[in-house]
Structures are given as structure tokens and as C-alpha cells.
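Trainee: Show me the folded form of this:
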Amino acid sequence: MIVPERCEVQGEMRAWLSLPYYRAVAKIAFHFVLAHFPFTGLEQQVDGIKRFIFTGRDHERFVQNMDEPFVEELRIQTCSQEIGATC
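Mentor: Numbers count the residues shown, from 1 in each chain. Predicted structure coming up:
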């Protein structure tokens, strides 16, 4: 497919996200909290998220799949976006 210069193509990506992916994101977020907030990581309140990161158990508490974008700007489609390309 030849795409002309200065052409913007709109698209949509759908992907299946695995439990190890969610655990990795949770670990990154947990380390962010430890780095920027006054927590040591040894508090009883964080045992649940640590257990999820280590084992993947109780993922229903921490992971919620959505069928539509959760970012408001991605929910609203303009006429040109529905067509799929604007040049």
C-alpha cells in the first residue's frame, strides 16, 4: 500500500493482555508508589497487591477488563475518524 506524504491514517488496535502483563504493570506502579510516597512496602495494607504481583492470585481485585476506551478523548469519534484517513 502506498501512503502519500503528509497523510494521517486513523486506526484501532485491539490486543489480548495476559495476566503476566498485568502483573508487570502492577509491579511498575507499586515501585512508583514506593519511590514517591512514604511507604516501605512492608505495610500490611499492600500485602494484597504484592501477592498479586508475586503469584497472580486474586487478580479480580486488581484487574478490570473494559470493552471500550477508558480515556474520554478516545471514546468520541469525529466523522473523519470514522472514515479512517484524512489527508
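Trainee: Quick check: residue 45 vs residue 72, distance?
Mentor: 30 Å (CB to CB, to the nearest Å). C-beta here means a position set from N, CA and C on the backbone, and glycine is covered the same way.
Trainee: now residue 26
Mentor: For residue 26, the distance to residue 72 equals 24 Å [CB to CB].
Trainee: Compare those two (neighbour count), which wins?
Mentor: For residue 26 versus residue 72, the count of surrounding residues by other CB atoms under 10 Å is larger for residue 26: 18 against 7.
Trainee: Sketch out the low-pLDDT regions of this structure for me.
Mentor: Applying pLDDT under 70 to the chain flags residues 1, 3-4, 70, 73-87.
Trainee: Spell out the residue ranges of the helices in it.
Mentor: Along the chain, the stretches classed as helices by DSSP state H are 19-36, 47-55, 59-62, 72-75, 79-83.
Trainee: Distance to residue 9 added to those, as TSV?
Mentor: Formatted as TSV, these follow (distance: least, CB to CB, whole Å):
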stretch	distance to residue 9
helix 19-36	27
helix 47-55	38
helix 59-62	35
helix 72-75	16
helix 79-83	10
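Trainee: Quick one: closest of those helices to residue 10.
Mentor: The minimum distance between residue 10 and these falls on helix 79-83, with 5.0 Å, by CB to CB.
Trainee: before we move on, back to that, looking at the helices of the chain, which one is packed in the most?
Mentor: helix 47-55 (a mean of 15; mean count of other CB atoms under 10 Å).
Trainee: what's that one packed up against?
Mentor: Counting contacts by 3 or more CB pairs under 8 Å, 6 or more residues apart in numbering; DSSP states H and E, helix 47-55 is packed against helix 19-36, helix 59-62.
Trainee: Just the C-alpha atoms of it, please, in PDB.
Mentor: What follows is helix 47-55, C-alpha atoms only, in PDB (Å, rounded to 0.1, in the frame of the first residue of the first chain):
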ATOM      1  CA  ASP A  47       0.000  -7.300  51.100                       C
ATOM      2  CA  GLY A  48      -2.800  -7.900  48.500                       C
ATOM      3  CA  ILE A  49      -1.100  -6.200  45.600                       C
ATOM      4  CA  LYS A  50       2.200  -7.800  46.500                       C
ATOM      5  CA  ARG A  51       0.600 -11.200  46.500                       C
ATOM      6  CA  PHE A  52      -1.000 -10.400  43.100                       C
ATOM      7  CA  ILE A  53       2.400  -9.300  41.700                       C
ATOM      8  CA  PHE A  54       4.200 -12.400  43.000                       C
ATOM      9  CA  THR A  55       1.600 -15.100  42.300                       C
END
